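1. Fold the stuff below for me.
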Amino acid sequence: MKKIVSIIMLTALLFTSITNGTTSKAISQYKRITSGNYEYAVLDEANKTATVLKIKPTKEVVIPKIIDGYSIVQIGICWNEYDYYFNEENEYHFTDSEYAEFKNSRHVFSTDSKSVEKITIPEGVKKIGEFAFANTPNLKQLNLPKSLRYIYAENFLFQSQLRIYIYLAAI
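-> Numbers count the residues shown, from 1 in each chain. Modelled structure (predicted):
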């Protein structure tokens, strides 16, 4: 019986390693594009989906549902504690849940994000990554779509004035 369990566990481990190795993509394989006030990365060319990585800060930010023909399904980087690493040059890298790999980038707004007071996320966005909006100290209103399934709590650090508007079916 122990041999059978060992064989099953070993097979599962090997399958997991093979699966992760074949689906993971290097940074250079993801198309990063700047369009207007947004920088985004294409997650799936066939399905025309993307994640917004950077946004030029303004007082009221309304993220579009579609940018350059790509549906926005994610804001920032979504990852877990096992999906990050440091390379030989001690640069911080991490991968999102779709195995898109990005370097040194978690905040969606740059350091001059004090002007942002309101953010509206479009319908169709399913994930908002860790710390995506964490450096927006003057954020007062965040409108979330009913399509949202994952949002990291770190988005709300140091935002005592924030009111969050969520559709009842959202979370």
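
2. hey, let's count contacts and neighbours off CA atoms from now on
-> Will do.

3. how about the helices of the protein, start to end?
-> 2-23 (DSSP state H).

4. Tell me which helix or strand in it has the weakest average pLDDT.
-> helix 2-23 (a mean of 41; mean pLDDT, DSSP states H and E).

5. mind showing which ranges of this structure have poor pLDDT?
-> Residues of the chain that meet the criterion pLDDT under 70 lie in 1-30, 78-106, 110-111, 157-160, 167-171.

6. if we go to 50?
-> 5-28, 80-87, 90-101, 103-104, 170-171 (pLDDT under 50).

7. those strands in it, which residues are they?
-> Along the chain, the stretches classed as strands by DSSP state E are 32-35, 38-44, 49-55, 60-62, 66-67, 70-75, 84-86, 92-95, 101-103, 118-120, 127-128, 141-144, 150-151, 163-166.

8. mind listing what the closest residue to residue 132 other than its chain neighbours touches?
-> Excluding its sequence neighbours, the residue lying closest to residue 132 (C-alpha to C-alpha, 6 or more residues apart in numbering) is residue 107, at 4.4 Å. Residue 107 makes contact with 53, 54, 76, 131, 132, 133, 134, 135, according to C-alpha atoms under 8 Å, 6 or more residues apart in numbering.

9. And residue 107, how close does it get to residue 46?
-> 27 Å (C-alpha to C-alpha, to the nearest Å).

10. now do residue 128
-> Per C-alpha to C-alpha, residue 128 is found 22 Å from residue 46.

11. For these two, indicate the residue with more neighbours.
-> Taking other C-alpha atoms under 10 Å, residue 128 and residue 46 do not tie; residue 128 has more neighbours (25 against 7).

12. for the more buried one, which residues make a bridge with it?
-> Applying DSSP bridges to residue 128 gives these bridge partners: residue 75, residue 151.
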